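Participant: show me how the following folds:
(chains A and B)
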Amino acid sequence: MEAYKKHSSVAAVMNRSNVDTDQIIPKQFLKKVERSGFGVHLFHDWRYLEDGSDNPEFELNRPEFKGAKILVAGDNFGCGSSREHAPWSIADYGFNTIISTSFADIFFNNCFKNGILPIKVDTDTLKALMDEVEANPGIEITVDLASQQISSPGGQAISFDVDPFRKDTLLKGLDDIGWTLQFEDKISEYEVQHRQQLPWLWPSA
Amino acid sequence: MKKTMYQKIWDAHLVHQPEGSAALLYVDRHLMHEVTSPQAFEGLRIANRPVRNSHSILATMDHCVPTKVEERATLPDPIGKKQIEVMAQNCADNDINLYDMNSANNGVIHIVVPEHGFVHPGMVVCCGDSHTATHGAFGALAFGIGTSEVEHIMATQTIQQKQSKTMLVKVDGELSPFATAKDIVLAIIGKIGTAGGTGYVIEFAGSAIEALTMEGRMTVCNMAIEGGARAGLIAPDQKTIDFLNGKEFAPSEEHWDQAVEYWLSLKSDDGAEYDAVVELNAADIAPQVTWGTSPEQVLPVDAVLPEPSQINDLIKSQAAESALKYMGLKAGQKMTDVGVDVVFVGSCTNGRIEDFRAIAEVSKGKKVADGVQAIAVPGSYPVKAQAEAEGIDKVLIEAGWEWREPGCSMCLAMNGDYLQPEQRCASTSNRNFEGRQGKGGRTHLVSPAMAAAAAIEGKFVDLRSWK
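Facilitator: You can find the predicted model right below:
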């Protein structure tokens, strides 16, 4: 997993509440054998017209929001199923930060496993941020996880909370595997000893 | 301190216990099939991580593989076909030993692995499949995992784990000649319930367990998960040693004596304490049949179906009512009055050679009843070859059975073999959930001999009083 660095990126606004995982990634795309490549299916039913072309009415298709890494979204984002395909598709599309007032619990946890920082802010803060972006679409917002700060060109400075363990793993780019691999030396030591004690478990060198 | 077998295996595999988080347990053997592994390989590719120990992995194709020769060639389901192709590519790319669909070693993962002696006593064994518990029959700590954990093990050779509680299930006494390992485990699940083992690793012990063949022990451990347990364990003994001796992945001659000594040291110490103890008398175990949609809804074949309103526990009472409705049965009915449409013998629970010997013995010189479809699906090509060498295929075909190619088949119905709505099936598999064998299908779990007798009579019979 990529380490989460301080960055300034285009912020896209999605002013809708209760965006559920079925909208994030509709179930016809769950049968794939890959974990990657879900980005093109993100928000499929909203994003594309019947003929498969981009729906110009859909907010993420606005040219000003092209290349956005930050998604500013309405309340209760990510509700519905536990499918990890939802954060897979969001990350694959290019987002690494979602700012909202609230997130569904499972989705919230799945985000951290996939290098996405979900940031909870209060209702007024969210509105002010959305208003600033809507007034100046295409502006870049800065997110600094280390100091837990969001800043905007318009002068907004927003502090946010994050669980220290989650913060640490994101800053280091550690997913569950990355976390375990911190103890790689212990695994290697174990293997040396295991091989001596139970040599028949290992292929003869 | 006196230790259980579980504790001994845990201690021997503890790599690290970081303060305030889960332990890292070393994984000796990683088993794989085509359905739960593709995203794990993809995850490794994205993160640019190698497979740490490819020699620890053995892979097969079983869930999506058709059991009819012609469908095996054409693979009519495009999604299944894709999963099969991706499995082959992932194994080739990562130097993983794969028994593909056409290999003479191919079959259901939990049948194939013991055939080659890939799992030994004392190992920690994982697979993206809940029936990994099967390998507890060898005294290995074996359990199912999710796709993200499949990836985690490939990358780190460890798994993040919290210690389970231990339950001793002791089955003493002599089993009736009409009851089998399957009846033992169904009776245990009937006693403890499908959540009875939740949070536990079960150790099966007692003279009736010791008396089982290795195949029978695998059947018992296979269904530990149906009792809610993370894993089942049986202490290694001379039968275990004899079974492994000479197998492809068994310890070499150089290390054999050392390995055997280690295996025999694994059994729980006398006086070791368990968090729970359950005892059954083998002599009391009649041939079992499940009547509902959960493995705990099981009764001796001669019992009458329960009246939901007389079940005190409200949740169980409601579950019984909805199960009877789904199954098209009535309270007070006897299973021996219930007819079957389909009989399925196979799966990782009962797809081994002795299971086919059992149905051949019952079927010899008889005919499958009119209107009944009876399917015998060997668990692997070696099982199929052995059965054919013994003439079992001829006996079965003569009696009206279909003799298929190996695979998971109708156990989970994702390979072209499935029940039609409201079809009733006597099945040697492990789950009788709603829709498990096909939408609207009605599954009754039984032993192979009970399944074969149902095929011949066209209805469930009590083997003890059958002609």
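Participant: what sits against residue B:293?
Facilitator: The neighbourhood of residue B:293, defined by Cβ atoms under 8 Å, 6 or more residues apart in numbering or on different chains, consists of B:322-323, B:326-327, B:432-434. (Glycine included, C-beta is placed from N, CA and C.)
Participant: what's around residue 4, how many residues?
Facilitator: Looking at chain A here, since you left the chain open. 21 (other Cβ atoms under 10 Å in any protein chain shown).
Participant: meant chain B actually
Facilitator: 20.
Participant: ok, now the one 10 residues further on?
Facilitator: One way to gauge burial is a neighbour count; for residue B:14, by other Cβ under 10 Å, it gives 16.
Participant: for it, give the beta-bridge partners.
Facilitator: residue B:25 (DSSP bridges).
Participant: does it touch residue B:23 like I think?
Facilitator: Yes - applying Cβ atoms under 8 Å, one finds residue B:14 in contact with residue B:23, separated by 5.9 Å.
Participant: still on that earlier bit, out of the contacts of residue B:293, which sit inside helices?
Facilitator: Of the positions in these, B:322-323, B:326-327 sit in helices, assigned by DSSP state H.
Participant: make a markdown table out of the residues you listed and add pLDDT.
Facilitator: Formatted as a markdown table, the ones in helices among the contacts of residue B:293 follow (pLDDT from 0 to 100):
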| residue | pLDDT |
| --- | --- |
| B:322 | 92 |
| B:323 | 95 |
| B:326 | 96 |
| B:327 | 98 |
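Participant: show me where the stretch 251-400 of chain B has its helices.
Facilitator: Secondary structure of the stretch 251-400 of chain B (DSSP state H, counting those that start in this stretch): helices at B:253-264, B:314-327, B:353-363, B:381-389, B:392-399.
Participant: of those helices, which is nearest chain A?
Facilitator: Closest to chain A of the helices of the stretch 251-400 of chain B is helix B:253-264 (Cβ to the nearest Cβ; 3.9 Å).
Participant: quick check: mean pLDDT of the closest one?
Facilitator: The pLDDT scores in helix B:253-264 average 97.
Participant: chain center to that helix, what's the gap?
Facilitator: Computed by Cα atoms, centre = their mean, to the nearest Å, the chain-centroid distance of helix B:253-264 equals 27 Å.
Participant: sort out which residues of it are buried, please.
Facilitator: B:255, B:259-260, B:262-264 (16 or more other Cβ atoms under 10 Å in any protein chain shown).
Participant: what's that helix packed up against?
Facilitator: helix B:238-244 (3 or more Cβ pairs under 8 Å, 6 or more residues apart in numbering or on different chains; DSSP states H and E).
Participant: wondering if the helix it packs on reaches chain A at all.
Facilitator: No - on the criterion Cβ under 8 Å from any Cβ of the partner chain, helix B:238-244 is out of touch with chain A, staying 10.8 Å away.
Participant: next, count neighbours for residue B:162.
Facilitator: A total of 9 residues lie near residue B:162 under the criterion other Cβ under 10 Å.
Participant: check contacts around it.
Facilitator: Counted by Cβ under 8 Å, 6+ apart, residue B:162 has contacts B:22-23.
Participant: repeat that for residue B:87.
Facilitator: The neighbours of residue B:87, taking Cβ under 8 Å, 6+ apart as the test, are B:32-34, B:37-38, B:59, B:61, B:98, B:100.
Participant: relative to residue A:151, which of the contacts of residue B:293 is nearest.
Facilitator: Among these, residue B:433 lies closest to residue A:151 (Cβ to Cβ), at 52.8 Å.
Participant: can you tell me how far the closest one sits from residue A:179?
Facilitator: For residue B:433, the distance to residue A:179 equals 35 Å [Cβ to Cβ, to the nearest Å].
Participant: those two: who's more crowded?
Facilitator: Per other Cβ under 10 Å, whichever of residue B:433 and residue A:179 has more neighbours is residue A:179, with 20 against 12.
Participant: wait, a helix at that one?
Facilitator: Yes - applying DSSP: H, G, I helix; E, B strand; the rest coil, one finds residue A:179 inside a helix.
Participant: burial count for the spatially closest residue to it that is not a sequence neighbour?
Facilitator: In space, residue A:179 comes closest to residue A:169 once its chain neighbours are excluded; the distance is 6.0 Å by Cβ to Cβ, 6 or more residues apart in numbering or on different chains. Neighbour count for residue A:169, taken as other Cβ under 10 Å: 22.
Participant: and what of residue A:191?
Facilitator: Neighbours of residue A:191 (other Cβ under 10 Å): 16.
Participant: got a list of what it touches?
Facilitator: Neighbours of residue A:191 in contact, by Cβ under 8 Å, 6+ apart: B:26, B:157.
Participant: may I have the phi/psi pair for it?
Facilitator: Main-chain dihedrals, residue A:191, degrees, to the nearest 10: phi -60, psi -40.
Participant: please apply the same query to residue A:78.
Facilitator: phi 90, psi 20.
Participant: could you do residue B:150 as well?
Facilitator: The phi and psi values for residue B:150, taken as degrees, to the nearest 10, are phi -60, psi -50.
Participant: and it, how many neighbours?
Facilitator: Residue B:150: 27 surrounding residues under other Cβ under 10 Å.
Participant: can I assume it is in contact with residue B:36?
Facilitator: Yes - using Cβ under 8 Å, residue B:150 is in contact with residue B:36, at 6.2 Å.
Participant: please identify the most buried of the helices of the stretch 251-400 of chain B.
Facilitator: Among the helices of the stretch 251-400 of chain B, helix B:353-363 has the highest mean neighbour count (mean count of other Cβ atoms under 10 Å in any protein chain shown), at a mean of 23.
Participant: which outside residues touch that helix?
Facilitator: The contact list for helix B:353-363 (Cβ under 8 Å, 6+ apart) reads B:180, B:213, B:215-216, B:345-346, B:376, B:378, B:383, B:386-387, B:390, B:392, B:395-396, B:399, B:401, B:428, B:447-449, B:451-453, B:455-456.
Participant: make it 7 Å
Facilitator: The contact list for helix B:353-363, computed with Cβ atoms under 7 Å, 6 or more residues apart in numbering or on different chains, reads B:213, B:215, B:345, B:376, B:378, B:383, B:386-387, B:392, B:395-396, B:399, B:401, B:428, B:448-449, B:451-453, B:456.
Participant: now the residue nearest to residue B:255 when sequence neighbours are not counted: how far from residue A:55?
Facilitator: Spatially, and ignoring its direct neighbours in sequence, residue B:255 is nearest to residue A:200 (3.9 Å; Cβ to Cβ, 6+ apart). In this view, residue A:200 and residue A:55 are 62 Å apart by Cβ to Cβ.
Participant: from the contact counts, what lies against the top strand by length along chain A?
Facilitator: Longest strand in chain A, counting residues (DSSP state E): strand A:7-14. Helices and strands touching strand A:7-14, by 3 or more Cβ pairs under 7 Å, 6 or more residues apart in numbering or on different chains; DSSP states H and E, are strand A:70-73, helix A:123-135, strand A:140-144.
Participant: kindly recompute the last result at 10 Å.
Facilitator: strand A:70-73, strand A:97-100, helix A:123-135, strand A:140-144 (3 or more Cβ pairs under 10 Å, 6 or more residues apart in numbering or on different chains; DSSP states H and E).
Participant: chain center to it: distance?
Facilitator: With Cα atoms, centre = their mean, you get 13 Å for strand A:7-14.
Participant: for the stretch 351-467 of chain B, which segments are assigned as strands?
Facilitator: B:373-376, B:402-403, B:424-427, B:442-445 (DSSP state E, counting those that start in this stretch).
Participant: of those strands, which is nearest chain A?
Facilitator: Nearest of the strands of the stretch 351-467 of chain B to chain A, taken as Cβ to the nearest Cβ: strand B:442-445 at 24.7 Å.
Participant: what pairs with that closest one, and is each one parallel or antiparallel?
Facilitator: Partners of strand B:442-445, by DSSP bridges, with direction: strand B:424-427 (parallel).
Participant: with only the CA atoms kept, save the partner strand in PDB.
Facilitator: Output in PDB follows, covering the C-alpha atoms of strand B:424-427 (Å, rounded to 0.1, in the frame of the first residue of the first chain):
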ATOM      1  CA  ARG B 424     -35.500 -33.500  -2.400                       C
ATOM      2  CA  CYS B 425     -32.000 -34.800  -2.100                       C
ATOM      3  CA  ALA B 426     -30.300 -37.300   0.200                       C
ATOM      4  CA  SER B 427     -26.800 -35.900   0.200                       C
END
